[in-house]
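Novice: I'll drop the sequence and a predicted model, then ask my questions.
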Amino acid sequence: MTQKTQAGQAYQGLRADILACRIPPSAKIKINDICAKYEVSLGAAREALSRLVADGIVLMEPQKGFAVAPISRKELTDLTEARIEIEFLCLEQAIRHGDVHWEGNIVAAFHRLSRISEQDANDQQTLNPDWSVAHSDFHNALVAACPNLLLLRLREQLYAQSERYRHWSVSLRRAPRARDVGREHEAIMKATLARDTAAARSALAAHFSRTTSDVLEMTETLKREIA
(Lines give C-alpha, C1' and ligand atoms only; values in the text may rest on other atoms or scores of the structure.)
Protein backbone atom coordinates (compact mmCIF):
# COMPACT_ATOMS: atom_id res chain seq x y z
CA MET A 1 0.00 0.00 0.00
CA THR A 2 1.46 3.38 -1.04
CA GLN A 3 1.83 6.28 1.39
CA LYS A 4 -0.87 8.16 -0.54
CA THR A 5 -3.29 5.26 -0.10
CA GLN A 6 -2.38 4.93 3.57
CA ALA A 7 -2.86 8.67 4.08
CA GLY A 8 -6.31 8.46 2.52
CA GLN A 9 -7.20 5.53 4.76
CA ALA A 10 -6.02 7.36 7.89
CA TYR A 11 -7.76 10.56 6.81
CA GLN A 12 -11.12 8.87 6.27
CA GLY A 13 -10.93 6.88 9.49
CA LEU A 14 -9.77 9.74 11.69
CA ARG A 15 -12.22 12.16 10.11
CA ALA A 16 -15.13 9.79 10.77
CA ASP A 17 -14.03 9.30 14.40
CA ILE A 18 -13.76 13.06 14.98
CA LEU A 19 -17.07 13.94 13.32
CA ALA A 20 -18.88 11.25 15.31
CA CYS A 21 -17.18 12.55 18.50
CA ARG A 22 -15.60 9.16 19.16
CA ILE A 23 -12.52 11.34 19.54
CA PRO A 24 -13.94 14.23 21.59
CA PRO A 25 -13.42 17.95 20.98
CA SER A 26 -10.08 19.33 22.24
CA ALA A 27 -8.60 15.81 22.63
CA LYS A 28 -4.89 15.46 21.94
CA ILE A 29 -3.99 13.35 18.92
CA LYS A 30 -0.84 11.25 19.10
CA ILE A 31 0.67 10.33 15.76
CA ASN A 32 1.84 6.94 17.04
CA ASP A 33 -1.74 6.12 18.05
CA ILE A 34 -2.93 6.92 14.53
CA CYS A 35 -0.26 4.69 13.03
CA ALA A 36 -1.31 1.80 15.27
CA LYS A 37 -5.07 2.21 14.92
CA TYR A 38 -5.21 2.68 11.16
CA GLU A 39 -2.11 0.61 10.37
CA VAL A 40 -0.33 3.35 8.45
CA SER A 41 3.16 4.81 8.32
CA LEU A 42 4.32 7.91 10.19
CA GLY A 43 4.41 9.91 6.96
CA ALA A 44 0.89 8.85 6.04
CA ALA A 45 -0.41 9.81 9.49
CA ARG A 46 1.16 13.26 9.22
CA GLU A 47 -0.31 13.75 5.75
CA ALA A 48 -3.77 12.77 7.01
CA LEU A 49 -3.49 15.21 9.92
CA SER A 50 -2.41 18.01 7.58
CA ARG A 51 -5.55 17.45 5.50
CA LEU A 52 -7.71 17.53 8.63
CA VAL A 53 -6.05 20.79 9.71
CA ALA A 54 -7.03 22.22 6.31
CA ASP A 55 -10.58 20.97 6.92
CA GLY A 56 -10.69 22.93 10.17
CA ILE A 57 -11.43 20.02 12.50
CA VAL A 58 -7.86 19.47 13.74
CA LEU A 59 -5.46 22.08 15.10
CA MET A 60 -1.67 22.02 15.03
CA GLU A 61 0.17 24.04 17.65
CA PRO A 62 3.96 24.43 17.68
CA GLN A 63 5.60 22.49 20.52
CA LYS A 64 2.23 20.95 21.43
CA GLY A 65 1.34 18.82 18.43
CA PHE A 66 -2.11 18.01 17.09
CA ALA A 67 -5.50 18.21 18.79
CA VAL A 68 -9.13 17.99 17.78
CA ALA A 69 -10.56 21.46 17.28
CA PRO A 70 -12.64 22.59 20.27
CA ILE A 71 -16.32 23.40 19.97
CA SER A 72 -17.90 26.60 21.20
CA ARG A 73 -21.10 28.62 21.12
CA LYS A 74 -19.38 31.30 19.01
CA GLU A 75 -18.12 28.82 16.43
CA LEU A 76 -21.51 27.12 16.19
CA THR A 77 -23.27 30.45 15.70
CA ASP A 78 -20.75 31.54 13.07
CA LEU A 79 -20.88 28.14 11.41
CA THR A 80 -24.67 28.25 11.17
CA GLU A 81 -24.61 31.72 9.66
CA ALA A 82 -22.02 30.65 7.07
CA ARG A 83 -23.87 27.43 6.28
CA ILE A 84 -27.14 29.23 5.61
CA GLU A 85 -25.46 31.56 3.12
CA ILE A 86 -23.33 28.96 1.32
CA GLU A 87 -25.98 26.25 1.32
CA PHE A 88 -28.51 28.64 -0.18
CA LEU A 89 -26.10 29.80 -2.89
CA CYS A 90 -25.66 26.15 -3.89
CA LEU A 91 -29.39 25.45 -3.66
CA GLU A 92 -30.28 28.56 -5.65
CA GLN A 93 -28.00 27.47 -8.50
CA ALA A 94 -29.33 23.91 -8.30
CA ILE A 95 -32.89 25.20 -8.61
CA ARG A 96 -31.84 27.19 -11.67
CA HIS A 97 -30.06 24.29 -13.39
CA GLY A 98 -31.80 21.18 -12.04
CA ASP A 99 -33.76 18.86 -14.32
CA VAL A 100 -36.38 16.17 -13.76
CA HIS A 101 -33.67 13.62 -12.88
CA TRP A 102 -32.44 15.96 -10.13
CA GLU A 103 -36.01 16.34 -8.86
CA GLY A 104 -36.50 12.57 -8.76
CA ASN A 105 -33.30 12.07 -6.77
CA ILE A 106 -34.46 14.62 -4.18
CA VAL A 107 -37.79 12.84 -3.74
CA ALA A 108 -36.07 9.45 -3.45
CA ALA A 109 -33.54 10.76 -0.91
CA PHE A 110 -36.31 12.32 1.16
CA HIS A 111 -38.28 9.08 1.11
CA ARG A 112 -35.28 7.08 2.36
CA LEU A 113 -34.55 9.61 5.10
CA SER A 114 -38.17 9.64 6.28
CA ARG A 115 -38.07 5.87 6.82
CA ILE A 116 -35.07 5.85 9.16
CA SER A 117 -34.96 6.71 12.87
CA GLU A 118 -32.52 9.47 13.78
CA GLN A 119 -31.30 7.85 16.99
CA ASP A 120 -29.67 4.45 17.37
CA ALA A 121 -32.21 1.84 18.52
CA ASN A 122 -29.71 0.46 21.04
CA ASP A 123 -28.45 3.81 22.35
CA GLN A 124 -30.74 6.85 22.35
CA GLN A 125 -27.76 9.14 22.90
CA THR A 126 -26.07 8.07 19.67
CA LEU A 127 -26.98 9.01 16.11
CA ASN A 128 -28.12 6.15 13.91
CA PRO A 129 -25.32 5.77 11.30
CA ASP A 130 -27.89 4.90 8.62
CA TRP A 131 -29.78 8.11 9.39
CA SER A 132 -26.57 10.14 9.17
CA VAL A 133 -25.89 8.74 5.70
CA ALA A 134 -29.48 9.29 4.55
CA HIS A 135 -29.49 12.82 5.98
CA SER A 136 -26.29 13.68 4.15
CA ASP A 137 -27.66 12.11 0.95
CA PHE A 138 -30.82 14.22 1.16
CA HIS A 139 -28.99 17.52 1.58
CA ASN A 140 -26.50 16.51 -1.12
CA ALA A 141 -29.36 15.70 -3.50
CA LEU A 142 -30.83 19.16 -3.01
CA VAL A 143 -27.68 20.89 -4.28
CA ALA A 144 -26.51 18.22 -6.74
CA ALA A 145 -27.43 20.33 -9.78
CA CYS A 146 -25.28 23.26 -8.65
CA PRO A 147 -22.51 23.67 -11.29
CA ASN A 148 -20.15 25.67 -9.05
CA LEU A 149 -17.65 23.14 -7.72
CA LEU A 150 -15.88 25.64 -5.45
CA LEU A 151 -19.14 26.45 -3.68
CA LEU A 152 -19.92 22.76 -3.34
CA ARG A 153 -16.52 22.04 -1.78
CA LEU A 154 -16.94 24.87 0.72
CA ARG A 155 -20.44 23.62 1.50
CA GLU A 156 -19.11 20.11 2.12
CA GLN A 157 -16.48 21.42 4.53
CA LEU A 158 -19.07 23.40 6.51
CA TYR A 159 -21.42 20.42 6.58
CA ALA A 160 -18.67 18.22 8.00
CA GLN A 161 -17.91 20.74 10.74
CA SER A 162 -21.60 20.89 11.65
CA GLU A 163 -21.73 17.09 11.99
CA ARG A 164 -19.55 17.25 15.10
CA TYR A 165 -22.13 19.46 16.77
CA ARG A 166 -24.96 17.19 15.66
CA HIS A 167 -23.33 14.08 17.17
CA TRP A 168 -22.32 15.96 20.31
CA SER A 169 -25.84 17.34 20.84
CA VAL A 170 -27.43 13.90 20.55
CA SER A 171 -25.12 12.65 23.30
CA LEU A 172 -26.50 15.43 25.56
CA ARG A 173 -30.18 14.69 25.00
CA ARG A 174 -32.18 13.71 28.04
CA ALA A 175 -35.48 13.26 26.16
CA PRO A 176 -36.70 13.05 22.55
CA ARG A 177 -36.81 16.48 20.96
CA ALA A 178 -40.18 18.04 20.27
CA ARG A 179 -39.25 19.22 16.77
CA ASP A 180 -40.65 17.54 13.70
CA VAL A 181 -37.44 17.44 11.69
CA GLY A 182 -39.09 15.37 8.99
CA ARG A 183 -41.56 18.16 8.36
CA GLU A 184 -38.69 20.65 8.14
CA HIS A 185 -37.02 18.49 5.49
CA GLU A 186 -40.31 18.18 3.64
CA ALA A 187 -40.74 21.97 3.62
CA ILE A 188 -37.27 22.40 2.11
CA MET A 189 -38.00 19.73 -0.49
CA LYS A 190 -41.38 21.16 -1.51
CA ALA A 191 -40.04 24.70 -1.88
CA THR A 192 -37.10 23.42 -3.91
CA LEU A 193 -39.23 21.33 -6.26
CA ALA A 194 -41.59 24.29 -6.70
CA ARG A 195 -38.52 26.36 -7.72
CA ASP A 196 -39.50 28.89 -5.05
CA THR A 197 -36.12 30.25 -4.00
CA ALA A 198 -37.50 32.59 -1.33
CA ALA A 199 -39.45 29.80 0.37
CA ALA A 200 -36.48 27.43 0.02
CA ARG A 201 -34.16 29.91 1.71
CA SER A 202 -36.66 30.50 4.51
CA ALA A 203 -37.16 26.77 5.12
CA LEU A 204 -33.42 26.09 4.98
CA ALA A 205 -32.54 28.93 7.36
CA ALA A 206 -35.24 27.86 9.82
CA HIS A 207 -34.02 24.25 9.72
CA PHE A 208 -30.38 25.15 10.41
CA SER A 209 -31.26 27.76 13.03
CA ARG A 210 -33.52 25.39 14.97
CA THR A 211 -30.77 22.78 15.10
CA THR A 212 -28.37 25.39 16.46
CA SER A 213 -30.92 26.52 19.05
CA ASP A 214 -31.40 22.91 20.15
CA VAL A 215 -27.66 22.45 20.68
CA LEU A 216 -27.28 25.70 22.61
CA GLU A 217 -30.31 24.93 24.77
CA MET A 218 -29.05 21.44 25.61
CA THR A 219 -25.65 22.87 26.49
CA GLU A 220 -27.23 25.30 28.95
CA THR A 221 -29.38 22.53 30.46
CA LEU A 222 -26.31 20.35 30.97
CA LYS A 223 -24.47 23.20 32.65
CA ARG A 224 -27.36 23.69 35.09
CA GLU A 225 -27.48 19.96 35.85
CA ILE A 226 -23.75 19.85 36.55
CA ALA A 227 -23.94 22.98 38.70
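Specialist: It's in.

Novice: and the helix or strand containing Asp78, which residues are buried?
Specialist: Using DSSP states H and E, the element containing Asp78 is helix 73-97. By neighbour count with 16 or more other Cβ atoms under 10 Å, helix 73-97 contains the buried residues 76, 79-80, 82-84, 86-95. To be clear about C-beta, it is placed using only N, CA and C from the backbone, and glycine gets the same treatment.

Novice: Quick check: next helix or strand after that helix?
Specialist: For helix 73-97, the following helix or strand on the C-terminal side (DSSP H and E) is helix 100-114.

Novice: pLDDT-wise, which helix or strand of this protein ranks last?
Specialist: strand 123-127 (a mean of 68; mean pLDDT, DSSP states H and E).

Novice: quick one: the lengthiest helix in the chain to chain centroid distance?
Specialist: The longest helix of the chain (DSSP state H) is helix 197-226. Here helix 197-226 is found 14 Å from its chain centre; the criterion is Cα atoms, centre = their mean, to the nearest Å.

Novice: quick check: angle from it to helix 73-97?
Specialist: Between helix 197-226 and helix 73-97, the angle comes out at 160 degrees (axes from the mean of the first three to the mean of the last three Cα atoms, to 10 degrees).

Novice: Which residue would you name as the spatial centre of this protein?
Specialist: By Cα atoms, centre = their mean, the mean C-alpha position of the chain lies nearest to Glu163, the distance being 2.8 Å.

Novice: check contacts around the residue nearest to that one when sequence neighbours are not counted.
Specialist: In space, and not counting its chain neighbours, Glu163 is closest to Leu19: 4.5 Å by Cβ to Cβ, 6 or more residues apart in numbering. Residues near Leu19 by Cβ atoms under 8 Å, 6 or more residues apart in numbering: Ile57, Ala160, Glu163, Arg164, His167.

Novice: change it to 7 Å
Specialist: Ala160, Glu163, Arg164, His167 (Cβ atoms under 7 Å, 6 or more residues apart in numbering).

Novice: for the host helix or strand of the second one, what is the average pLDDT?
Specialist: Think Glu163. Following DSSP H and E, one finds Glu163 within helix 149-172. For helix 149-172, the mean pLDDT works out to 88.

Novice: low pLDDT regions in this structure?
Specialist: Applying pLDDT under 70 to the chain flags residues 1, 3, 120-125, 172-178, 219-227.

Novice: would a markdown table of the contacts of Leu19 with distance to Glu103 be doable?
Specialist: Shown next, in a markdown table, are the contacts of Leu19 (distance: Cβ to Cβ, whole Å):
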| residue | distance to Glu103 |
| --- | --- |
| Ala160 | 26 |
| Glu163 | 26 |
| Arg164 | 31 |
| His167 | 31 |
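
Novice: Kindly state the beta-bridge partners for Met60.
Specialist: Phe66 (DSSP bridges).

Novice: from what I can see it touches Val53, true?
Specialist: Yes. Look at Met60 against Val53 with Cβ atoms under 7 Å: they come within range, at 5.3 Å.

Novice: Break the protein down into its domains, please.
Specialist: Here the domain parsing of the chain from automatic domain parsing is 3-68, 73-226.

Novice: List of residues touching the strand or helix carrying Val133?
Specialist: Element membership for Val133 (DSSP H and E) is helix 129-143. Residues outside helix 129-143 that contact it (Cβ under 7 Å, 6+ apart) are 90-91, 94, 105-106, 109-110, 112-113, 116-118, 152, 155, 159, 185, 188, 192.

Novice: Just the buried residues of the contacts of Leu19.
Specialist: For the contacts of Leu19, a burial check counting by 16+ other Cβ under 10 Å picks out Ala160, Glu163, Arg164, His167.
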